[in-house]
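Q: Let's see this in three dimensions:
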Amino acid sequence: MFIDERTQNRLHAVPGESISHGTMRTQDLIPAFLDVIRDTPEYVQVMNAIPAHAMEDKEADWWNSDDAAGLLESLFDTLDSYSPEGYYFGAHLGDGSDYGFWKMDK
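A: Numbering: from 1, shown residues only. Okay, the predicted model is just below:
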């Protein structure tokens, strides 16, 4: 866990450690990313974006919809905006299915 220096929001991740690994499925990434921002104003804005039936069924068609893709893209942007100085949010350079806050190469 770390505190964003600019907003003082608490993020449930550790820079340099995986948030999600071994999957690129929307139904795995979205819940993992939402968990990281659960104490932020952005979470409140999107917490009801996933239909109840999709939360209960990881194989529901919604996970492959434009709405799900848009939510995932929004979460990437939000998480990247919370990246600590010297870090970026996204896939690890050595493993495209390993998402987290990673140190930038200088």
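
Q: Give me the phi and psi angles of residue 19.
A: The phi and psi values for residue 19, taken as degrees, to the nearest 10, are phi -100, psi -40.

Q: and what of the one 4 residues further on?
A: Backbone torsions of residue 23, given as degrees, to the nearest 10, read phi -150, psi 150.

Q: again with residue 88
A: When quoted as degrees, to the nearest 10, the phi and psi of residue 88 stand at phi -130, psi 160.

Q: doesn't residue 102 make contact with it?
A: Yes. Under the criterion of Cβ atoms under 8 Å, residue 88 makes contact with residue 102 at 6.0 Å. No exception for glycine: its C-beta is placed from N, CA and C like everyone else's.

Q: between these two, who's got more neighbours?
A: A count of neighbours by other Cβ atoms under 10 Å puts residue 102 above the other of residue 88 and residue 102, at 21 against 16.

Q: From residue 87, how far out is that one?
A: Applying Cβ to Cβ, to the nearest Å, the value for residue 102 to residue 87 is 6 Å.

Q: what is in contact with the two at once?
A: Residues within reach of residue 102 and of residue 87 at once, by Cβ atoms under 8 Å, 6 or more residues apart in numbering, are 15, 16.

Q: circling back to that earlier point, residues in contact with both of residue 88 and residue 102, list them for me.
A: Common contact partners of residue 88 and residue 102 (Cβ under 8 Å, 6+ apart): none.

Q: Flag the shaky bits of this structure, pLDDT-wise.
A: Along the chain, the parts satisfying pLDDT under 70 run over 106.

Q: can you map out the strands along this structure?
A: Remark: strands assigned in the chain by DSSP state E are 2-3, 10-11, 18-21, 87-92, 95-103.

Q: Any chance you could list what contacts the longest helix along the chain?
A: In the chain, taking DSSP state H as the definition, the longest helix is helix 66-81. The contact list for helix 66-81, computed with Cβ under 8 Å, 6+ apart, reads 26-27, 29-30, 33-34, 36-37, 40, 42, 46, 49-50, 54, 62, 88-90, 101.

Q: Thank you, goodbye.
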